[in-house]
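> predicted model, plus sequence, below.
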There are 2 protein chains.
Amino acid sequence: MLPPSTRRSLPMALLRAREVIMAHFRPMLARHDITEQQWRVLRVLAEAGPLEATELANRASILPPSLTRIIKALEEREFISRNKVKDDGRRALLAISPTGVALIEELAPERVAIYDAIEKRYGAEEHERLLDMLESLIQSETVEG
Amino acid sequence: MLPPSTRRSLPMALLRAREVIMAHFRPMLARHDITEQQWRVLRVLAEAGPLEATELANRASILPPSLTRIIKALEEREFISRNKVKDDGRRALLAISPTGVALIEELAPERVAIYDAIEKRYGAEEHERLLDMLESLIQSETVEG
DNA sequence: ACCTTGTAGTTAACATGTGAATTACATCTT
DNA sequence: AAGATGTAATTCACATGTTAACTACAAGGT
């Protein structure tokens, strides 16, 4: 079979799709002086509650070295806190602070509006199906390797 | 509507999907001491022929500052060449060199094998449909804004 | 107790992503 | 021709991605 052209390859399509979607969120994040990754970390902690770094990295899809730097930045701005785990000097529980929760809540309406606009343009059913197919792809590559 | 959870949001799904796919290609690229972005630039030039930097950046989905650095690196290894455009001192045509073509051709078989394996795991029809849906999403966000 | 092995997190080094500012050159306007 | 405006590419500054090496601590084996 021919190698896929750059115009129709899965990696390129996934990259471009993510770009056009994120373009809608960037202005909102920039207004609050927060990066896309920092925002992801805050949302994961807001949804899941306190987590250790490894679990947080997995859920936010951020590599450990990046997470170390992001945690440092978020701690300095007091959006999150860390508490060492008793009985294990290596681990620490990371938790979102009230300030962090306030930020998430402040952004929530705009966030929903942006998602709704995307759904409206693309189609709600297509959107759901696309999510299903992406999850299926991730599953097929994760389980068997 | 509720804000999407981090477990089922389009940006996260696109990010994770790209991760699991690229994981298959990274070992191949690492063996040849080439980055994912450098590889993309070479493939675009191999497919499209000589291009100016702006057009190359668009086709490879790489931002201008990154492309400047990538071009420099690829030039030093003589994978590409640049020729100034007559009549316009700003522009330059970037072209892949024979060495660059040789690298692309050397990687081609393994590249096809990796794509085929992904298609086999995920399903050829699903793969095609996913590409269609991603292109449609990109289209819906590109045309109207 | 000591040593090995394993795990959580960090640090280091380098490439890229991102937005803003800057340079070099073209083109338009008057 | 001089100045204003626009465009291509680069540079800067900082954040993140990526791999490898390293530190700190934990758990097991002898």
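Perfect, I can see it now.

> can you count the residues close to A:E78?
11 (other Cβ atoms under 10 Å in any protein chain shown). Using the backbone N, CA and C atoms, a C-beta is placed for each residue, glycine as well.

> what does chain A have sitting close to DNA strand D?
Within chain A, the positions near DNA strand D by Cβ under 7 Å from any atom of the strand are A:35-38, A:62-66, A:69-70, A:73, A:87-90.

> and the residue nearest to the spatial centre of chain A, what is it in contact with?
In chain A, the C-alpha nearest the mean C-alpha coordinate belongs to A:R40, at 3.6 Å (Cα atoms, centre = their mean). Listed by Cβ atoms under 8 Å, 6 or more residues apart in numbering or on different chains, the contact set of A:R40 reads A:60-62, B:6, B:12.

> try it again with 7 Å
With contacts defined as Cβ atoms under 7 Å, 6 or more residues apart in numbering or on different chains, A:R40 is in contact with A:60, B:6.

> and if you look at A:G123?
Residues near A:G123 by Cβ under 7 Å, 6+ apart: none.

> any idea how far it is from DNA strand C?
According to Cβ to the nearest atom of the strand, to the nearest Å, A:G123 stands 25 Å off from DNA strand C.

> before we move on, the earlier item: so which bits of the strand or helix carrying the residue nearest to the centre of chain A are buried?
Secondary-structure assignment from DSSP states H and E places A:R40 in helix A:36-48. For helix A:36-48, a neighbour-count test (16 or more other Cβ atoms under 10 Å in any protein chain shown) marks A:37-46, A:48 as buried.

> try stretch A:47-67
A:48, A:50-51, A:53, A:56-57, A:59-62, A:67.

> picking up where we left off before, which of the residues of chain A next to DNA strand D lies closest to B:L134?
A:E36 (19.9 Å; Cβ to Cβ).

> leaving out chain neighbours, which residue sits closest to the closest one?
Closest residue to A:E36 apart from its sequence neighbours, by Cβ to Cβ, 6 or more residues apart in numbering or on different chains: A:L29 at 6.1 Å.

> which residues does the helix or strand containing the one you found contact?
Element membership of A:L29 [criterion: DSSP H and E] is helix A:10-31. Residues outside helix A:10-31 that contact it (Cβ under 7 Å, 6+ apart): A:6, A:35-36, A:39, A:107, A:110, A:114, A:118, B:10-11, B:14-15, B:17-18, B:21-22, B:61, B:131, B:134-135, B:137-138, B:141-142.

> just the buried ones among those residues, please.
A:6, A:39, A:107, A:114, A:118, B:10-11, B:14-15, B:17-18, B:21, B:61, B:131, B:134, B:137-138, B:141.

> give me the number of neighbouring residues for A:P109.
A:P109: 10 surrounding residues under other Cβ under 10 Å.

> now do the SS call for it.
helix (DSSP: H, G, I helix; E, B strand; the rest coil).

> show me where pLDDT drops low in chain A?
A:1, A:144-145 (pLDDT under 70).

> which bits of it sit near DNA strand C?
A:19, A:22, A:26, A:30, A:52-54, A:64-65, A:67-68, A:71, A:90-92.

> nice, that's everything, thank you.
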